[in-house]
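Chemist: Let me see the structure of the following:
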Amino acid sequence: ILPAQLTVWQLDQIASYIITKNGLNLQGEIYADAYRAQGFAATTSHYNHSIIYVDPYKLRSLSENTWAFIIAHELAHQHLGHAYGRPTVENELIADRFGAYWAWRAGYDVN
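Modeler: Sure thing, here's the model as predicted:
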């Protein structure tokens, strides 16, 4: 069994840091749930509170910088109200742009 490279607690700290550095009014929780993550991560949201589900198996192999982008991407979905409807390619690309920018502003390498 490989140990986790990052823990859910560390992802929560990354999310809090990104939120603070970008002046966002968001809050929520992060849970490890491979089924609900639907790949790497997925978000459900109610107003300014969201739950981000992450795949616990992916925690073992992805870097802190990659997770910062993924978490910021999910936060962007919450911020933009995307979590209320069906995913679209356009919404995914917009969340990518916001997520990359927010992670970069927080000091993460998004290359």
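Chemist: Nearest residue to the middle of the chain?
Modeler: Nearest to the mean C-alpha position of the chain, by C-alpha atoms, centre = their mean, lies residue 71 at 1.6 Å.
Chemist: need the helix or strand of this structure with the lowest average pLDDT.
Modeler: Taking mean pLDDT, DSSP states H and E as the measure, the helices and strands of the chain show their lowest mean at strand 41-46, namely a mean of 86.
Chemist: Next, the buried residues of that one.
Modeler: The neighbour-count criterion (16 or more other C-beta atoms under 10 Å) identifies 41, 42, 43, 45 as the buried residues of strand 41-46. Every residue, glycine included, has its C-beta placed from N, CA and C.
Chemist: What of stretch 86-96?
Modeler: Neighbour-count burial for stretch 86-96, with 16+ other C-beta under 10 Å as criterion, is recorded at 91, 94, 95.
Chemist: How about stretch 55-68?
Modeler: So, applying 16+ other C-beta under 10 Å, buried residues of stretch 55-68: 55, 58, 59, 62, 65, 66, 67, 68.
Chemist: Got phi/psi on residue 28?
Modeler: In this entry, residue 28 is assigned phi and psi values of phi 170, psi -160 (degrees, to the nearest 10).
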